[in-house]
Every structure is written in C-alpha cells, then in structure tokens.
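Student: Here is my input, please return the structure:
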Amino acid sequence: VQLVESGGGMVQPGGSLRLSCAASGFIFSSYDMSWVRQAPGKRPEWVSAIETDGDSTYYEDSVKGRFTISRDNAKNTLYLQMNSLEPEDTALYYCARGGPGVEYEPEYWGQGTQVTVSS
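Tutor: Prediction:
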C-alpha cells in the first residue's frame, strides 16, 4: 500500500486548499478511503470518508459544509477540497485506506501533508 499526499501549505483563515492523494499497490477502486488529521499534541482525528463508487460521503461534524471529499478511480486519486479554513484545521493531513476507524490504523496511512491556517 502506497499513499502519497500533496497540496498542503499555509493559508489565511477563510482560505482554501485542495489536497490530493495518489494511491498505488492495491486496487484503489475496491476500497473505501478516508482523510485523517493529527494536530500537534492531539490524537489522530478522522475527517472524512468516501465509499468505493464515490456516491456516499461522510464528514466529521466540524468540517461539514466546508470540506468535500472526492475520488477519481480511473486516476487512483483521492481529493479533499477544504474551504473556509479555520486555525483549528491546522494539522498534518493523512490519506488513509479504509473508512471510519482507520484513524486507529496508521499502517494504512500515507506520509501526510501539512496544513497550516494562520494570519
């Protein structure tokens, strides 16, 4: 399983970022996928998940209405569009193979991409 995230960076409050995750080493279209984040000194937090066909998506309450998860099975790529970013969204964001609960299974995460929201 190889997951490579990109797209992180520093942005002001209210700004937007789009994270991408390139997947390889497994049949991407056969797995639910998630985004997990971890802020300094805090436990990993599940953020969002998408089912195999992309038709069903799920969000942690604090990101509902601001974040959108999507996938392109033809490109083996997972995305997270993040709008209206808040300082509390600052964290290392991981792409993960699996649905809710994968935040307890770091063996299925990528290496992470840093998101910093600050003025």
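Student: so Leu19 makes contact with Gly9?
Tutor: No. The pair Leu19 / Gly9 is not scored as a contact, 9.8 Å apart, by C-beta atoms under 8 Å. Where you see a C-beta, it was placed from the backbone N, CA and C, and this is true even at glycine.
Student: list the contacts for the residue nearest the centre of the chain?
Tutor: The geometric centre of the chain, computed from its C-alpha atoms, lies nearest to Trp35 (C-alpha atoms, centre = their mean), at 2.7 Å. Residues in contact with Trp35, defined by C-beta atoms under 8 Å, 6 or more residues apart in numbering, are 19, 46-49, 69, 78, 80, 93-96.
Student: Looking at the residues you listed, which are in strands?
Tutor: 19, 46-49, 69, 78, 80, 93-96 (DSSP state E).
Student: before we move on, the earlier item: any shared contact partners between Leu19 and Gly9?
Tutor: With C-beta under 8 Å, 6+ apart as the test, Leu19 and Gly9 both reach Val115.
Student: Of the two, give the one with the bigger neighbour count.
Tutor: The neighbour count for Leu19 versus Gly9, taken as other C-beta atoms under 10 Å, is higher for Leu19 (22 against 13).
Student: Give the bridge partners for that one, please.
Tutor: Judged by DSSP bridges, the bridge partners of Leu19 are Leu80.
Student: Who are the contact partners of it?
Tutor: 5-8, 35, 79-80, 82, 93, 95, 113, 115.
Student: Out of the residues you listed, who's the most crowded?
Tutor: Highest neighbour count within these: Trp35, with 29 neighbours (other C-beta under 10 Å).
Student: That residue belongs to a strand, doesn't it?
Tutor: Yes. With DSSP: H, G, I helix; E, B strand; the rest coil as the criterion, Trp35 is assigned to a strand.
Student: what comes into contact with stretch 77-86?
Tutor: For stretch 77-86, the external contacting residues (C-beta under 8 Å, 6+ apart) are 11, 13-23, 33, 35, 47-48, 50, 63, 66-72, 89, 93, 95, 115, 117.
Student: about what we covered before: nearest to Tyr108 among the contacts of Trp35?
Tutor: Taking C-beta to C-beta as the measure, Tyr108 sits nearest to Ala96 out of these, at 5.4 Å.
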